[in-house]
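Novice: I would like to see how this sequence folds:
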Amino acid sequence: HNHAFEFDKIGDTTGFDMLMAGLDPNLVTLELDLYWAVRAGADPAALIAKYPGRFQQWHVKDMDKADNTRNANVGSGSIDFKSLFALASQSGMKHWYVEYDTFPDEPMTAAQKSIEYLKTV
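Specialist: Just a heads-up that it's a prediction; the model follows:
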């Protein structure tokens, strides 16, 4: 899956776009890490529109509103998951995973809060 650096500019493109252009969509699908895409300044909705059906897996982690280097419980941060989950079919998403790089709460509490929110979307 992606991190932020894949969205760094390389001439007039990005490493991410180079990767997508070089992979046969009939053979390879990817896991889109929503947090890292947003942190890099990329728009996950625009990526899904540009590459429909190519993201069968998602890393679902939210971004703290005050510190973009920290994760928030899903649904309490700055990423609009309701809008993104509405694009799940277009994305080709089959599986999603709640993930944390940093924990806003004790790990099991954080996971429970995120799952409770995700049940609403």
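Novice: Tell me where this protein has strands.
Specialist: Here the chain has its strands, by DSSP state E, at 9-10, 13-14, 30-33, 55-60, 62-63, 71-72, 95-98.
Novice: strands paired with the fourth one, and their directions?
Specialist: Yep, that's strand 55-60 we're talking about. Looking at strand 55-60 with DSSP bridges, its partner strands are strand 30-33 (parallel), strand 95-98 (parallel).
Novice: TSV for those strands, including mean pLDDT and mean neighbour count?
Specialist: Any C-beta I mention is one placed from the backbone N, CA and C, and that applies to glycine too. Shown next, in TSV, are the strands paired with strand 55-60 (pLDDT from 0 to 100; neighbours: other C-beta atoms under 10 Å):
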stretch	mean pLDDT	mean neighbour count
strand 30-33	98	22
strand 95-98	97	15
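Novice: Looking at these, spot the one closest to residue 117.
Specialist: strand 95-98 (9.7 Å; C-beta to C-beta).
Novice: How far off centre is that closest one?
Specialist: Relative to the chain's own centre, strand 95-98 is displaced by 10 Å; criterion: C-alpha atoms, centre = their mean, to the nearest Å.
Novice: Pull that strand out as CSV, backbone CA atoms only.
Specialist: The C-alpha coordinates for strand 95-98 follow below in CSV (Å, rounded to 0.1, in the frame of the first residue of the first chain):
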residue,chain,number,x,y,z
HIS,A,95,-11.8,-5.5,2.3
TRP,A,96,-11.0,-2.7,4.6
TYR,A,97,-8.8,-2.7,7.7
VAL,A,98,-8.7,-0.3,10.6
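Novice: returning to that earlier point: residue 120: which of the strands paired with strand 55-60 is closest?
Specialist: Among the strands paired with strand 55-60, strand 95-98 comes nearest to residue 120, with 14.1 Å by C-beta to C-beta.
Novice: picking that back up, let me have the strands of the chain in a markdown table, adding distance to residue 39 as columns.
Specialist: Formatted as a markdown table, these follow (distance: least, C-beta to C-beta, whole Å):
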| stretch | distance to residue 39 |
| --- | --- |
| strand 9-10 | 16 |
| strand 13-14 | 14 |
| strand 30-33 | 9 |
| strand 55-60 | 12 |
| strand 62-63 | 7 |
| strand 71-72 | 10 |
| strand 95-98 | 17 |
